[in-house]
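*Asks:* sharing a sequence plus its predicted fold:
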Amino acid sequence: MDHSRAPLVAAVAEYHDLGRYGFTPPGHRQGRGVDGRVLAALGADAFASDILAAPGLDDRLARGEVLSEAEELMADAVGAEAAFFSTCGSSLSVKAAMLAVAGGNDGGLLVARDSHKSIVAGLIFSGLRPRWITPRWDAERHFSHPPSPEQVEQAWREHPDAAGALIVSPSPYGTCADLRGIAEVCHARGKPLIVDEAWGAHLPFHPDLPTWAMDVGADVCVVSVHKMGMGFEQGSVFHVQGDLVDPQRLRRCADLLMTTSPNVLIYTALDGWRRQMVEFGHDLLGDALALAKRARADLDEIGGCEVMHDVLLGVEASHDLDLLQVLVDVSGTGATGYDAADWLRAHRNIDLGLSDHRRVLATLSCADDNTTVDALVDGLALWRAGLRDPSPPEIRLPAPEDLQLDTVMLPRDAFFAPTQAVPAESAAGRIAAEQLTPYPPGIPVIVPGERIDAAVVEYLRTGLAAGMNVPDASDPTLETIRVVA
Ligand SMILES: Cc1ncc(COP(=O)(O)O)c(C=O)c1O
């Protein structure tokens, strides 16, 4: 296909050239009606290209086929058979994929327990029965790794009637599963593999990055282009191939969840990014990887800070690692990752995507350069130099066996059951009716339908006191927890 084309980008340019005008949404009429103070803050251009998809960017019957052609180009660029754009992030795409693969199937879905909260939301919406696959667990560092093919095979042995398997890879830390091995295990049973590849949109475009799901036979994968690519927030694509998942069923499932007012800015950025990656991705990502190598070496020099690499890889760890995700263990300084992240924001105007009781994560992209990396390295070094005998509050970390809660009700049944808020101290033994998720990374510690144990309550409450963010808790203080009545 001709990848110098970018049909959505061209259609937006044409809309402006022709001076089109719509008596249609958006009511701001490309910014004319917007308060000047808003325009000053957001920039007039953002509104100028906020155009109704049809009729507007395309005609009322979408006869220009600008979206469908952009999707075909995207699929071609990444080796998928079909691609669909979506405007509500992987949070939407992954739910559509779950519904397409397992909707209406009583055998449930194999789901890695280190899944993102959007997948748990998908279980609640769909009423699907999760057949949890246990992730690998590094108890010393309190870190989970994606499941191995053997663990997936074990889950299939226990639940042969499940409709398919859903794996997150890369994790929000950049650690990756052996997708080839997992796809083989699933296909040996004629079952599809969905990969939540929210953090992997860039993977098809450089050989030194971890395996791209479509290259090793995954049936569906979903990506968030805004995370590792150059898309606007919420720009997501789902890719599909093979004959185990019907693309039309996937499209119909997505249609159930999708807005009828997709943001053209989001779609257009996806289209332009695909062209950029096909034309220049190898060089841009090669430069970004070289920069990441430099950042890793420099950050590792800071006393008490260890850039995690070898400990993340291996038989009992992850299969591969995206080196653009620079995970720094700061526990050697005596302080927490929360402290480092808060200090960098307050004193250096630098934000980090992820922090926890012992780590911070800097996500690098093609947009970074020596200046941005210098600011990060200098900032972290200054934070370190200013530390005076930190004594962070203790977080009581559960043992791996305490983290693995029993699912005793369907997540949907527990979520919609009559519920009550009970004091956290008496929540152990009760069935959770809400998900409780340290964010980021967004992996729920408690899922509705699970029987709560005292160790996870202790973990969340001591974590909260130390700086953890648990935004989905119905009681933000975690004094109480919502359980099935
Ligand atoms: C593994 C994983 N899946 C899905 C999502 C949801 O992606 P989005 O924010 O694009 O909706 C996230 C978000 O961080 C994630 O980390």
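*Replies:* Thanks, I have it. Numbering: from 1, shown residues only.

*Asks:* pLDDT value on Asp58, please?
*Replies:* At Asp58, the model reports a pLDDT of 97.

*Asks:* skip the chain neighbours and tell me the closest residue to it.
*Replies:* Gly64 (4.4 Å; CB to CB, 6 or more residues apart in numbering). To be clear about C-beta, it is placed using only N, CA and C from the backbone, and glycine gets the same treatment.

*Asks:* just give me the neighbour total for the one you found.
*Replies:* 16 (other CB atoms under 10 Å).

*Asks:* quick one: contacts of stretch 371-386?
*Replies:* 291, 294-295, 298-299, 302-305, 328, 330, 333, 340, 343-344, 347-348, 350, 360, 362, 364 (CB atoms under 8 Å, 6 or more residues apart in numbering).

*Asks:* in that stretch, which residues are buried?
*Replies:* Across stretch 371-386, burial judged by 16 or more other CB atoms under 10 Å covers 372-373, 376-377, 379-381, 383-384.

*Asks:* give me the residue from this structure nearest the ligand.
*Replies:* Gly89 (2.3 Å; CB to the nearest ligand atom).

*Asks:* that residue and Ser224 touch, don't they?
*Replies:* Yes: with contact defined as CB atoms under 8 Å, Gly89 counts as touching Ser224 (5.5 Å).

*Asks:* tell me which of the two has more neighbours.
*Replies:* Per other CB under 10 Å, whichever of Gly89 and Ser224 has more neighbours is Ser224, with 25 against 22.

*Asks:* that one bridge partners, please.
*Replies:* Note on Ser224: beta-bridge partners by DSSP bridges are Ser236.

*Asks:* among the buried residues of stretch 371-386, name the ones in helices.
*Replies:* If you go by DSSP state H, these have 372-373, 376-377, 379-381, 383-384 in helices.

*Asks:* wait, isn't Ile395 in contact with Arg461?
*Replies:* No: when contacts are counted by CB under 8 Å, Ile395 is not listed as touching Arg461 (9.5 Å).

*Asks:* interface residues of the stretch 151-300 of the chain facing the ligand?
*Replies:* Residues of the stretch 151-300 of the chain lying close to the ligand by CB under 6 Å from any ligand atom are 168, 172, 196, 198, 224, 236.

*Asks:* let me know the closest of these to Leu8.
*Replies:* Ser236 (15.1 Å; CB to CB).

*Asks:* give the contact list for the closest one.
*Replies:* 85-90, 92-93, 198, 222-226.

*Asks:* okay if I get the residues you listed as TSV plus pLDDT?
*Replies:* Shown next, in TSV, are those (pLDDT from 0 to 100):
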residue	pLDDT
Phe85	97
Ser86	96
Thr87	94
Cys88	94
Gly89	97
Ser90	97
Leu92	96
Ser93	96
Ala198	98
Val222	98
Val223	98
Ser224	98
Val225	98
His226	97
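
*Asks:* how about Ala427, phi and psi?
*Replies:* phi -80, psi -20 (degrees, to the nearest 10).

*Asks:* next one: phi and psi at the closest residue to it other than its chain neighbours?
*Replies:* Spatial nearest neighbour of Ala427, chain neighbours left out: Ile481 (4.3 Å); criterion: CB to CB, 6+ apart. For Ile481, the backbone dihedrals (degrees, to the nearest 10) come out as phi -130, psi 140.

*Asks:* okay, Ile481: pLDDT?
*Replies:* Value listed for Ile481 in the pLDDT field: 98.

*Asks:* that one contacts Glu425, correct?
*Replies:* No: counting by CB under 8 Å, Glu425 is not a contact partner of Ile481; they are 9.8 Å apart.

*Asks:* sorry, back to before: closest one of the ones in helices among the buried residues of stretch 371-386 to Asp50?
*Replies:* Nearest to Asp50 among those, counting by CB to CB, is Thr372 at 28.6 Å.

*Asks:* stretch 206-213: which residues count as buried?
*Replies:* With the criterion 16+ other CB under 10 Å, stretch 206-213 contains buried residues 206, 209-213.

*Asks:* what stretches of the stretch 351-485 of the chain score poorly on pLDDT?
*Replies:* Residues of the stretch 351-485 of the chain that meet the criterion pLDDT under 70 are absent altogether.

*Asks:* can you give me the strands for it?
*Replies:* Along the stretch 351-485 of the chain, counting by DSSP state E, counting those that start in this stretch, strands occupy 354-355, 359-363, 419-423, 480-484.

*Asks:* can you check the stretch 1-150 of the chain too?
*Replies:* Using DSSP E, counting those that start in this stretch, strands in the stretch 1-150 of the chain cover 82-86, 109-112, 130-133, 136-138, 143-145.

*Asks:* what's the answer for the stretch 151-300 of the chain, then?
*Replies:* 165-168, 175-176, 193-196, 220-224, 236-240.

*Asks:* rebuild those strands as CSV, extending it with distance to Glu140.
*Replies:* Output for these, formatted as CSV (distance: least, CB to CB, whole Å):
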stretch, distance to Glu140
strand 165-168, 22
strand 175-176, 16
strand 193-196, 27
strand 220-224, 31
strand 236-240, 35
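
*Asks:* wait, which of the ones you listed is closest to Ala269?
*Replies:* strand 236-240 (11.4 Å).

*Asks:* quick check: angle from that closest one to strand 82-86?
*Replies:* 160 degrees (axes from the mean of the first three to the mean of the last three CA atoms, to 10 degrees).

*Asks:* just want the most central residue of this structure.
*Replies:* For the chain, Ala198 is the residue whose C-alpha lies nearest the centre (CA atoms, centre = their mean; 4.1 Å).

*Asks:* that residue contacts Ser224, doesn't it?
*Replies:* Yes: here Ala198 reaches Ser224: they are 4.4 Å apart, a contact under CB under 8 Å.
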